[in-house]
Structure formats: C-alpha cells, structure tokens
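**Q** what follows is a predicted protein model with its sequence.
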Amino acid sequence: AIARVVLPHDAMAIAITLDHPPRLRVHALSGFAGMPEAFETPMPEPHLLTDPWEYRILDYESEPAYADSPTAKAGMKSVLCLPIRLQGRLYAGLNFYARRAGAFSPDDVIVARRITDHIALAFSHQRLVEESQQAEELRAATEQMLRRAYAFVGRFTPRLEPTHARLRVDGVPLGSLPFV
C-alpha cells in the first residue's frame, strides 16, 4: 500500500528470470484480479538477461513484443520495470503497471529504485540463508562420509594406542613388532 502512495500504479509484480529457454516466473502479484498467484511466461526480450539496463518504461501499444503478455491481456497499458541483480546477474525485475498509456516517466525511477533496492536486499538475504543451509548440509554429509570411511578403514588396520609413553599396536609394544 505504501508503494502505491509514493509511486501511483494500478498493479505490480516481481518476475524472476529463468534460463533455458529464457522465461519469467511471475509472482507476488498485486492489483490483478482473476490472474493466478504465480505463472511462467516467455521472456519478451531475452537480450535483457545479458545486456546492461537500468530501467524500462514501456507503453504496450508501441511494443509488439508485449502484445500477448498476460499483463497486457489483463488491461495494463504501461509498465515501469527495474532490474534486481544478485552477484552481478539479472535475477528478477520489479514491475509497476498502469491501465493508462504514458503513466510513468524517468522521474518515477528514483522512487521505484528505492522500492526495488529493498526487495533486492530481501532476495540477497534469502540467498545467504539458502547458501548457509546448503553449506551446513554439505558439512554434515561430509562428516558422515568421513565417519563411515574411518569405520571402514579401521576394520582393516591395527589401532595405535599411546600407553605409558610407548606406542602400542593392538596392545603389543611397537618396538617388539617384526617389520618387513
């Protein structure tokens, strides 16, 4: 609701970028009646995955690539899109929509960027939590494999025991063992 006050718009969404083939997973929709909570759609401009860009202001009427987009079909006429990058890669886009053409201008980008920065920070924190969980899972799996390996190897090798400052192997003083 605060975003609507500081940046007038009719709807908004977050679109996560997916590769192979380039597409968008749209979710966190607000202002779209009758649309699913989340859906996937082809990416109208795949070059945006790799080309640098700071924002996009589009009127759907002048952009044929967007004519069949679900948001255009839902009655939106204008969009302001800002990239969300994580680790230098386009991760998502935050889109503000309006039912009238020409609703957004470059002056709106400053406010939209602040909102986008907060969302990017949340995604970054989510990624850190996921990486931490993966690291813990890997550490636990590695520890379990090492325990199994030591148990397996331990069945075939004599145990070394420090006793009274003399090294023993299975209870026999090391000095009294014949070495070949």
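**A** Great, that's in hand. For clarity, every value in this text was computed on a predicted model and none was experimentally measured.
**Q** okay, helices next: where are they in the protein?
**A** Here the chain has its helices, by DSSP state H, at 2-6, 70-73, 108-154.
**Q** got the ones you listed as TSV, with mean pLDDT, mean neighbour count and distance to Arg89 columns?
**A** (C-beta placed from N, C-alpha, C; glycine too.) Shown next, in TSV, are the helices of the chain (pLDDT from 0 to 100; neighbours: other Cβ atoms under 10 Å; distance: least, Cβ to Cβ, whole Å):
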stretch	mean pLDDT	mean neighbour count	distance to Arg89
helix 2-6	62	11	25
helix 70-73	90	16	24
helix 108-154	83	12	11
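**Q** His20 is nearest to which of those helices?
**A** For these, distance to His20 was read as Cβ to Cβ. The smallest value, 20.2 Å, belongs to helix 108-154.
**Q** hang on, the earlier thing: can you put the helices of the chain in JSON lines and add distance to Glu63?
**A** Formatted as JSON lines, the helices of the chain follow (distance: least, Cβ to Cβ, whole Å):
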{"stretch": "helix 2-6", "distance to Glu63": "24"}
{"stretch": "helix 70-73", "distance to Glu63": "9"}
{"stretch": "helix 108-154", "distance to Glu63": "18"}
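**Q** out of the ones you listed, nearest to Ala28?
**A** Of these, nearest to Ala28 by Cβ to Cβ is helix 108-154, at 8.7 Å.
**Q** distance of the spatially most central residue of the chain from Tyr91?
**A** With distances taken as Cα atoms, centre = their mean, Arg127 lies nearest the centre of the chain, 5.8 Å away. Arg127 sits at a distance of 9 Å from Tyr91 (criterion: Cβ to Cβ, to the nearest Å).
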